[in-house]
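A.B. asks: Build me a structure from this.
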Amino acid sequence: MSRRTLTVDDALYRYLLEHSLREHPAQAALRAATATHPHAGMQISPEQGQFMALLVKLLGARRAIEVGVFTGYSALTVALALPDDGRLLACDINDEYTRVGQPYWEQAGVANKIELRLAPARTTLDARLAAGEAGRYDFAFIDADKTGYDAYYECCLELLRAGGLIAIDNTLWGGKVAHPAADDDADTAALQALNAKLHDDQRIDLSLLPIGDGLTLARKR
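C.D. replies: Numbering: from 1, shown residues only. The predicted structure follows:
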């Protein structure tokens with residue numbers, strides 16, 4: 001028995017993938033296509049994606065939000081987990097990066113589930129709130145610019161129904177959050193502030209998990 005999270009070395013990580021991971025061929029192909037990207041480290045790990053897909057299914061989610069698409073692996077993963085009539089609002093500002101994933105969305109037969117909006121996420125989310133969509137979403141995933149996380153969290157919390165779930169990526173930030181942030185490290189400072197805020201936020205049920213680079217789950221009460 002262990003009283004704390006196991007250290008996962010390379011051998012154990014391979015075992016984990018071999019005995020858990022179930023990827024659609026389009027997911028595996030998109031991961032391979034992204035592996036040579038200059039910013040490949042921005043993509044979530046496949047086991048994190050599989051965990052998120054399970055959460056989407058457990059929620060019975062039909063309407064989801066993603067803030068930060070990159071090359072589209074997480075969007076593809078969530079869209080595959082949604083039912084046939086499910087929809088994902090995918091927010092990003094980079095046409096070059098998001099175009100990488102779109103053929104794989106088509107290959108997997110889920111492109112019709114994904115509404116990609118190329119605009120600042122705050123603009124897109126504020127427009128949905130103004131259109132009366134508060135409380136109409138089931139799941140949100142935030143994985144974008146760290147200094148914008150707090151604002152994205154507040155928008156998503158308002159857009160989610162009671163019982164809906166927000167997943168926030170990079171909340172352990174390579175361990176940097178456990179140490180004082182340098183004066184010029186706005187990303188670490190923003191994550192530290194958000195983590196402290198969420199810990200005290202009585203609007204949610206909370207768990208920060210050591211999956212990937214840290215994954216926070218916030219369930220709207």
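A.B. asks: so the residue nearest the centre of the chain, which of the three states?
C.D. replies: In the chain, the C-alpha nearest the mean C-alpha coordinate belongs to residue 141, at 3.4 Å (C-alpha atoms, centre = their mean). With DSSP: H, G, I helix; E, B strand; the rest coil as the basis, residue 141 sits in strand.
A.B. asks: repeat for the one 3 residues further on
C.D. replies: Classification of residue 144 by three-state DSSP places it in coil.
A.B. asks: quick one: the closest residue to it other than its chain neighbours from residue 165, how far?
C.D. replies: The shortest distance from residue 144 to any non-neighbouring residue, by C-beta to C-beta, 6 or more residues apart in numbering, is to residue 68 (3.2 Å). C-beta coordinates here come from the backbone N, C-alpha and C atoms, glycine included. In this view, residue 68 and residue 165 are 17 Å apart by C-beta to C-beta, to the nearest Å.
A.B. asks: same check, this time on residue 207
C.D. replies: Residue 207 is 10 Å from residue 165, by C-beta to C-beta.
A.B. asks: okay, and the common contacts of these two?
C.D. replies: residue 217 (C-beta atoms under 8 Å, 6 or more residues apart in numbering).
A.B. asks: hmm, back to that, from what I can see the residue nearest to the centre of the chain touches residue 64, true?
C.D. replies: Yes. Assessed by C-beta atoms under 8 Å, residue 141 is found in contact with residue 64 at 7.4 Å.
A.B. asks: could you point out the longest strand in the chain?
C.D. replies: Ordering each strand of the chain by length in residues (DSSP state E) puts strand 160-169 first.
A.B. asks: Quick check: buried residues in that one?
C.D. replies: 160, 164-169 (16 or more other C-beta atoms under 10 Å).
A.B. asks: What of stretch 6-16?
C.D. replies: Within stretch 6-16, no residue qualifies as buried by neighbour count (16+ other C-beta under 10 Å).
A.B. asks: Can you give the distance from it to the centre of its chain?
C.D. replies: Averaging C-alpha positions (C-alpha atoms, centre = their mean, to the nearest Å) puts stretch 6-16 23 Å from its chain's average.
A.B. asks: what does stretch 134-150 give?
C.D. replies: Using C-alpha atoms, centre = their mean, the offset of stretch 134-150 from its chain centre is 8 Å.
A.B. asks: on that earlier part again, tabulate the buried residues of strand 160-169 (TSV), appending distance to residue 51 and pLDDT.
C.D. replies: Formatted as TSV, the buried residues of strand 160-169 follow (distance: C-beta to C-beta, whole Å; pLDDT from 0 to 100):
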residue	distance to residue 51	pLDDT
160	19	98
164	17	98
165	12	99
166	15	99
167	9	98
168	14	98
169	12	98
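A.B. asks: Now do the SS call for residue 78.
C.D. replies: Criterion first, three-state DSSP; result for residue 78: helix.
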